[in-house]
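Colleague: Sequence and predicted model, in that order:
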Amino acid sequence: MDLGDVWRKLEEDKLSKPVTGAVEVPKESKHPIQKLKNSYKVTIAFTIAFLIGFIILLFSFNEPLVRISLALVIFSYVFFLAINYSMYKKIKVDFPVDQSLIKALRHTYDFISSNIRFQERVALFIYPVAGTAGFLMGGSLGSGDLDSMLKEKTVIFTLIIVLIVLTPICYFLTKWMYKISYGKCLVELKALINELEKPD
């Protein structure tokens with residue numbers, strides 16, 4: 001019996017006294033709510049892995065510019081880690097039976113959709129920083145003299161072109177990744193909400 005069936009049964013029983021307690025979605029369930037929570041858990045794991053990698057890189061380079069750019073990337077990953085962990089904790093898999101299931105599911109759908117849009121917009125400011133960090137690391141390894149390299153106008157021009165090309169590519173790649181990670185679950189959750197809203 002899924003959540004919708006539980007709520008319909010409570011409604012059909014026409015209970016004469018207030019009902020307390022909660023219905024919890026099992027962790028192994030394929031319910032979209034649980035799948036969304038699992039997706040955030042996977043995102044958190046990948047974020048931590050990349051964060052560790054960038055911290056290792058930070059101590060692998062001596063050039064101040066490379067370290068500053070990597071520090072900014074690390075800060076952005078810490079920021080996204082905090083957001084995703086907050087979202088993970090926010091997604092409730094237990095619903096009080098004395099409240100509206102549809103309202104609870106709609107609230108979950110709305111705040112996850114809003115959070116994804118927010119992360120996509122914020123990430124637009126991160127891509128140039130990450131691209132610059134990668135460019136500087138490559139320049140440091142390739143030339144061995146980053147300061148001299150950056151004095152050349154062609155190098156600065158190349159960096160600007162790389163960032164102009166890279167930013168929209170990363171943006172659409174991120175949208176695609178969000179669609180893979182959360183899109184299907186959100187579609188399923190929306191379908192469940194629409195089903196519950198249908199009059200019997």
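Modeller: Cool, the structure landed. This is a predicted model, so every value here is computed, not measured.

Colleague: same question for stretch 168-184, mean pLDDT?
Modeller: The average pLDDT within stretch 168-184 is 91.

Colleague: Would you state the helices of this protein in chain order?
Modeller: Taking DSSP state H as the criterion, the chain contains helices spanning 3-13, 32-58, 64-90, 101-143, 146-150, 153-178, 184-197.

Colleague: Adding mean neighbour count, write those out as CSV.
Modeller: Yep, even glycine has a C-beta here, placed from its N, CA and C like the rest. Formatted as CSV, those follow (neighbours: other C-beta atoms under 10 Å):
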stretch, mean neighbour count
helix 3-13, 13
helix 32-58, 16
helix 64-90, 17
helix 101-143, 16
helix 146-150, 15
helix 153-178, 13
helix 184-197, 15
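
Colleague: which one of those helices has the lowest average pLDDT?
Modeller: Sorting those by mean pLDDT places helix 3-13 lowest, at a mean of 50.

Colleague: pretty sure residue 35 contacts residue 185?
Modeller: Yes - Residue 35 is in contact with residue 185 according to C-beta atoms under 8 Å; the separation is 4.5 Å.

Colleague: residues contacting residue 65?
Modeller: Going by C-beta atoms under 8 Å, 6 or more residues apart in numbering, residue 65 touches 136, 146, 150.
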